[in-house]
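# Mind looking at a prediction? Sequence and model below.
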Amino acid sequence: MGRRTSESKRKKIEAEILAALERLIAGCGALDMGAAFGPFSRSSEFRMIGADGSLCDFETFYGDNVSYLGNCSAFSLATIASDVLVLRSGLAVLSWIYRAEATLANGERDVIERAGATFVFEKREGRWVAVRYQESSLPPVRERSAE
């Protein structure tokens, strides 16, 4: 597999990957799709597997999320746990367990108490981008508005 990545380099890569995740979380919280999807590769080789088992490219993934989040007045993601595995200096895997909550425009809320995601990150042109992404969760619980 080649030379091992030094401990200091591994820690630097882990910090960079976790910073990309934080930008995604902050972008979602601000309903800023550019920031939320900044860590994802726009290349034709990007693939995502959804919680429903669907396989799609970036454009479909982005479009589906913009459509859903466009119906939200608020959206938040909270990290429960995360782990970065550095495979080599330009390749890493992020395992992420999180909670998601969306407040819909009609006041209802979609809540996912625990979900998982796996990202395969590659360093391209000086920045880390996810070239593969997979989500898994139970369907959200829809909470009706009190009105």
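Good, I have the coordinates. Numbers count the residues shown, from 1 in each chain.
# next structured bit after the longest helix that the chain contains?
The helix that spans the most residues within the chain, counting by DSSP state H, is helix 7-29. Using DSSP states H and E, the next helix or strand after helix 7-29 towards the C-terminus is helix 33-36.
# From the chain's centroid, how far away is the next helix or strand after that following helix?
The helix or strand immediately downstream of helix 33-36 is strand 47-49, counting by DSSP H and E. Remark: strand 47-49 is offset 11 Å from the chain centroid, using C-alpha atoms, centre = their mean, to the nearest Å.
# Need the contact partners of strand 47-49.
55-58, 61, 131-135 (C-beta atoms under 8 Å, 6 or more residues apart in numbering). All C-beta atoms are positioned from the backbone trio N, CA, C, and that covers glycine.
# elements contacting whichever helix or strand comes after that strand?
Where DSSP H and E defines the elements, the next helix or strand beyond strand 47-49 is strand 55-56. Counting contacts by 3 or more C-beta pairs under 8 Å, 6 or more residues apart in numbering; DSSP states H and E, strand 55-56 packs against strand 47-49.
# Paired strands for the strand it packs on, with orientation please.
With DSSP bridges as the test, strand 47-49 is paired with strand 55-56 (antiparallel), strand 127-137 (parallel).
# so which of these gets nearest C28?
Of all the strands paired with strand 47-49, strand 127-137 sits nearest to C28, with 13.3 Å by C-beta to C-beta.
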